[in-house]
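*Asks:* Got a predicted structure plus its sequence, pasted below:
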Amino acid sequence: MNREEKAAFSTEFWRYLWSSILIALSGCLGNVVDGIIVGNLIGEDGVSAINLSKPVVQLMFTLSILVETGAGMLVGFALGKKDMVRLRYLYTQSMIGCFLIGLSFTMIGLFWSEGATALLCDNEHLFQPTLEYLRPMLWGGPAYLMMWAISTMVGVDGSPRLVSIAILIDNAVNLMLDVVFIKYFGWGIAGSSAATIVGHLVGIVLMFWHFHYKTNHLRFSFKHETPEWVNILSQGAPMAVASVCLTLLLFSANNVILSTAGRNGIFIFAVCMNLLQIYNLFLAGTCRTLQSLGAIQVGKGDDEAFHLVLRNSFGFISVSMAITCVLVWIFPQFVAELFGASTPEILKESNHALRVFALSFIPFCYIYAVMVVYKLYNCHKMAMFISFALSLTVIPVLWIIAKTAPDYLWYSYLIAYIIEILAIVALHKIGHLQFSLS
């Protein structure tokens, strides 16, 4: 690859990256804006209720990852080989699968929303707002899963700009309707989740309309020689397992922190989890680009271009995380006040917790990105190990510190991620895995 070809490929990388970051706004901005608006219009208990509901959102995201990430990688391979028959079949299977999974959440919302809320929250003050937020979210399950699925497919197919526009419109609708539903319609915290669903539906319609009437690539087709579900699930499994573990972590952490630090503690933790959304904005955009462009280069057998993708990905994620961390360390009180923190006690503890978590999320992002690299190198066992360890290591560390040294509760994530990095390095050397991130 000569200098001109490298420059052209780098331009293509950055085009994918920035579009992928805007795609990540679908989850990040919606959650953060919900928290800010709810914190200021409803109060601290509203922010806590959103955080208590997050394990359900994470579960939906997990099931979406299992289907659309696996199918997205395979679509990238098929695109690199110009196999349009397989590409369309994979697209069809992923969209149908996500819709049916989303429909199952709708059924839960219709017939078992109170039971689901009881699993998430046993605090009498927070039960009702959690139920009110959770119920519309469950009803809109298909919208959540279909939005993530269609955005992945359209991005891999080479139209990240369209996805960016759809995501921006999605979030603009969500932002406006948050205020309208909560303040003017009087729907309370339920209006926040309803606004997110409506925004997703608008984004889905925009992308479906374009790709089913304006292009020839992504079309529904059941024509293929062999079933692909095993391949789809196999490709998506490592990141889906990581997301399952994150769901368990959110559920466990909410319960441990609520029982150890009470209502103030769960509010502070909710603010910290919203900070994670900012990191995840850059992480998700980078990993989506790494998966899409990386899979295409693997399909082509172009090692030099693949290594260029790796260098650009890790360079960007390092700079973005460093800047975010510095800003949080300088302005922690501003972040806490955005979500409605007002009392001196909560502000003081929030400032401390936010600074600790700002450091903790840096190793988390590196670990997650390395997992994607192992997957692209077909090191499936190592990728699966990281998937399990990424979140499950935090649970015992969090529990031990809560029981033995509760004053250091906020350091649990940082300690757990350092342990995971040491374990990954040790296993990498033991296995003599031959790949480089440079």
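*Replies:* Okay, I see it.
*Asks:* ok, the nearest residue to residue 393 once chain neighbours are set aside - how many residues close by?
*Replies:* Nearest non-adjacent residue to residue 393, counting by CB to CB, 6 or more residues apart in numbering: residue 416, 4.5 Å away. The way it works is simple: take the backbone N, C-alpha and C, and place the C-beta from them, glycine included. Residue 416 has 24 neighbouring residues, counting by other CB atoms under 10 Å.
*Asks:* just to confirm, which helix or strand has residue 328 in it?
*Replies:* helix 303-330 (DSSP states H and E).
*Asks:* which of the residues in that helix are buried?
*Replies:* 305-310, 312-314, 316-317, 320-321, 324-325, 328 (16 or more other CB atoms under 10 Å).
*Asks:* and if you look at stretch 251-265?
*Replies:* By neighbour count on 16+ other CB under 10 Å, the buried set for stretch 251-265 is 251-258, 260-261, 264-265.
*Asks:* Same check on stretch 195-206?
*Replies:* Neighbour counts over stretch 195-206 (16+ other CB under 10 Å) mark 195-204, 206 as buried.
*Asks:* between those residues, which is nearest residue 17?
*Replies:* Within the buried residues of stretch 195-206, distances to residue 17 taken as CB to CB reach their minimum at residue 203, with 19.8 Å.
*Asks:* thinking that closest one is in contact with residue 149, fair?
*Replies:* No: using CB atoms under 8 Å, residue 203 is not in contact with residue 149, being 11.7 Å away.
*Asks:* Would you mind giving the buried residues of stretch 195-206 as TSV with secondary structure, pLDDT and distance to residue 385 added?
*Replies:* Shown next, in TSV, are these (DSSP: H, G, I helix; E, B strand; the rest coil; pLDDT from 0 to 100; distance: CB to CB, whole Å):
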residue	secondary structure	pLDDT	distance to residue 385
195	helix	91	39
196	helix	88	34
197	helix	92	36
198	helix	94	40
199	helix	91	37
200	helix	90	33
201	helix	93	38
202	helix	93	40
203	helix	90	35
204	helix	90	35
206	helix	87	39
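*Asks:* Tabulate those in JSON lines, adding columns for distance to residue 18.
*Replies:* What follows is the buried residues of stretch 195-206, written out as JSON lines (distance: CB to CB, whole Å):
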{"residue": "195", "distance to residue 18": "26"}
{"residue": "196", "distance to residue 18": "23"}
{"residue": "197", "distance to residue 18": "26"}
{"residue": "198", "distance to residue 18": "26"}
{"residue": "199", "distance to residue 18": "21"}
{"residue": "200", "distance to residue 18": "21"}
{"residue": "201", "distance to residue 18": "25"}
{"residue": "202", "distance to residue 18": "22"}
{"residue": "203", "distance to residue 18": "18"}
{"residue": "204", "distance to residue 18": "22"}
{"residue": "206", "distance to residue 18": "19"}
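*Asks:* Of the buried residues of stretch 251-265, which is the nearest to residue 43?
*Replies:* residue 264 (12.7 Å).
*Asks:* Spit out the contact partners of the closest one.
*Replies:* When contacts are counted by CB atoms under 8 Å, 6 or more residues apart in numbering, residue 264 is found next to 345-346, 349.
*Asks:* Residue 50 too?
*Replies:* Residue 50 is in contact with 31, 34-35, 38, 133, 189, 192, 270, counting by CB under 8 Å, 6+ apart.
*Asks:* Kindly report the same for residue 339.
*Replies:* 35-36, 39, 44, 47, 267, 270-271, 274.
*Asks:* list the contacts for the nearest residue to it once chain neighbours are set aside?
*Replies:* Using CB to CB, 6+ apart and skipping residues adjacent in sequence, the residue nearest residue 339 is residue 39, 4.0 Å away. Residue 39 makes contact with 46-47, 338-341, according to CB under 8 Å, 6+ apart.
*Asks:* 10 Å - rerun?
*Replies:* Residue 39 sits next to 45-48, 50, 267, 270-271, 274, 336-342 when contact means CB atoms under 10 Å, 6 or more residues apart in numbering.
*Asks:* how far away is it from residue 185?
*Replies:* Separation of residue 39 from residue 185 (CB to CB, to the nearest Å): 19 Å.
*Asks:* ditto for residue 11
*Replies:* Taking CB to CB, one finds residue 11 at 45 Å from residue 185.
*Asks:* of these two, who's got more company?
*Replies:* With neighbours defined as other CB under 10 Å, residue 11 and residue 185 compare such that residue 185 has more, 13 against 10.
*Asks:* So the more buried one is in contact with residue 177, correct?
*Replies:* Yes: assessed by CB atoms under 10 Å, residue 185 is found in contact with residue 177 at 9.1 Å.
*Asks:* Now list whatever residues contact both of the two.
*Replies:* With contacts defined as CB under 10 Å, 6+ apart, the residues shared by residue 185 and residue 177 are 191, 194.
*Asks:* returning to what we had before: helices - which of the contacts of residue 39 land there?
*Replies:* Within these, residues falling in helices by DSSP state H are 45-48, 50, 267, 270-271, 274, 336-338.
*Asks:* can you list those in JSON lines and add distance to residue 16 and pLDDT?
*Replies:* Listed next are the ones in helices among the contacts of residue 39 as JSON lines, based on distance: CB to CB, whole Å; pLDDT from 0 to 100:
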{"residue": "45", "distance to residue 16": "41", "pLDDT": "87"}
{"residue": "46", "distance to residue 16": "36", "pLDDT": "87"}
{"residue": "47", "distance to residue 16": "34", "pLDDT": "87"}
{"residue": "48", "distance to residue 16": "37", "pLDDT": "89"}
{"residue": "50", "distance to residue 16": "31", "pLDDT": "87"}
{"residue": "267", "distance to residue 16": "37", "pLDDT": "91"}
{"residue": "270", "distance to residue 16": "32", "pLDDT": "89"}
{"residue": "271", "distance to residue 16": "32", "pLDDT": "89"}
{"residue": "274", "distance to residue 16": "26", "pLDDT": "85"}
{"residue": "336", "distance to residue 16": "34", "pLDDT": "90"}
{"residue": "337", "distance to residue 16": "36", "pLDDT": "90"}
{"residue": "338", "distance to residue 16": "30", "pLDDT": "86"}
